[in-house]
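Have a look; sequence and predicted model below, questions after that.
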Amino acid sequence: MKLDQILNAFDRCATVRALAERIPARGTTVRLGGVPGSSGAVLATWLASHVGAGRLVAIITATPGDAERWLTDLQHLTAAGTALYPQREALGEDEPHFEIAGERVETLEALLRGELRLLVTTARASAERTGVPSALESLRLQLTTGSERPLRDVVESLERMGYTRVPTVAEVAEFSVRGGIVDVYGFGMASPGRLEWWGDSVSSIRAFDLTTQRSGAELPDVTILPIKSVAVDEALPGGGPVERRSLLELLPADTLILEERAHPDEEEVDRAWREAEHHLDIARRLGEHAPPREDLFLDPAEWRRRVATFARLLLRDEPAEIQLGFFPPERVDRDLNHLRGLLGH
């Protein structure tokens, strides 16, 4: 159950209503005070429904733990149009953790389709360059019943997209082939799909149960997103290198960015830039191919410049220009010796 009563009470607050007239313009920053704990998530949810139809609110946090906390709070308030764009755990372009790679692709798919209202990410993730937008266009599979697409071409595409061929599909990022049937479970799919061919045509598409492996309801179509972060060169129109872009380059220009504090986010981008050079230097010494860090990250100066082009709200930066009045409770003094001293005992 969504916490509508909290949002309604928030909306009745006079200072919150006044904030609607003080939303920063593009390229400007406003600092807010009195937004402790989870009230930031309530504010973000309120903003997503009050700052203009379809306008995206992006929350940039300092650490992955902070991002998960924000996402959990937001999902208790509104599940629709909310997603996380996690940072890579690996330095290279291809993320070895399928769940992270898939979530990144799925979130970018929703972003590029204009389906997001609330996007949660980290400062480092927003600075990472990715080839996913190009890969989505060149490698994504969209199949409908009656599609003319040879089975062998689909199998080759799944392998190129980073899916693992297995005897029986048991989890995401896997596919199997049995005669003229392909089972596949990809990110972006509500359930695994079972595609059956007649000649070079897809004759049926059905959901199936991972536990029993039994076919279920018919599906009108399936869209399968790449697991790999970047398309191989020969899969791209005209060949050539993949164009890598950062999340900040993909956000709509009128996105409203929320940060708790600016300085910790900047420090994380600086740290990622330094660590990238260190790890790439080690890789080169070991004789491994290592792309320049400019291919993997925005440099910190460019990241700061791009962030500054958006409208920004800083929730816990001082000095506050607007005080919303949501203060934390007073600290309870549990030091008995101190209390005895105050009481004269």
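Thanks, I have it. Residues are numbered from 1 along each chain as shown.

contacts, neighbours, all on C-alpha from now
Will do.

Please enumerate the helices of the stretch 201-345 of the chain.
247-250, 262-285, 300-307, 336-343 (DSSP state H, counting those that start in this stretch).

rank these by mean pLDDT and give me the bottom one.
Here these differ in mean pLDDT, and the lowest is helix 336-343 at a mean of 59.

Check the burial of the nearest residue to P292 once chain neighbours are set aside by counting its neighbours.
In space, and not counting its chain neighbours, P292 is closest to L280: 7.7 Å by C-alpha to C-alpha, 6 or more residues apart in numbering. Look at L280: counted by other C-alpha atoms under 10 Å, it has 19 neighbours.

before we move on, what about D153?
11.

Next: V202.
21.

And for R129?
Around R129 there are 21 residues (other C-alpha under 10 Å).

what packs against the helix or strand hosting it?
For R129, the host element (DSSP states H and E) is strand 129-130. In terms of contacts (3 or more C-alpha pairs under 8 Å, 6 or more residues apart in numbering; DSSP states H and E), strand 129-130 is packed against strand 245-246.

Dump the longest strand that the chain contains to PDB, restricted to CA.
Longest strand in the chain, counting residues (DSSP state E): strand 201-208. The C-alpha coordinates for strand 201-208 follow below in PDB (Å, rounded to 0.1, in the frame of the first residue of the first chain):
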ATOM      1  CA  SER A 201       8.900 -17.500 -39.000                       C
ATOM      2  CA  VAL A 202       8.100 -17.100 -35.300                       C
ATOM      3  CA  SER A 203       4.900 -19.200 -35.000                       C
ATOM      4  CA  SER A 204       4.200 -18.600 -31.300                       C
ATOM      5  CA  ILE A 205       5.400 -16.800 -28.200                       C
ATOM      6  CA  ARG A 206       4.400 -17.900 -24.700                       C
ATOM      7  CA  ALA A 207       5.500 -17.300 -21.200                       C
ATOM      8  CA  PHE A 208       6.800 -20.200 -19.200                       C
END
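
Report the buried residues of that strand.
201-202, 204-208 (16 or more other C-alpha atoms under 10 Å).

Show the average pLDDT along it.
On average, strand 201-208 scores 94.

Noted, bye for now.
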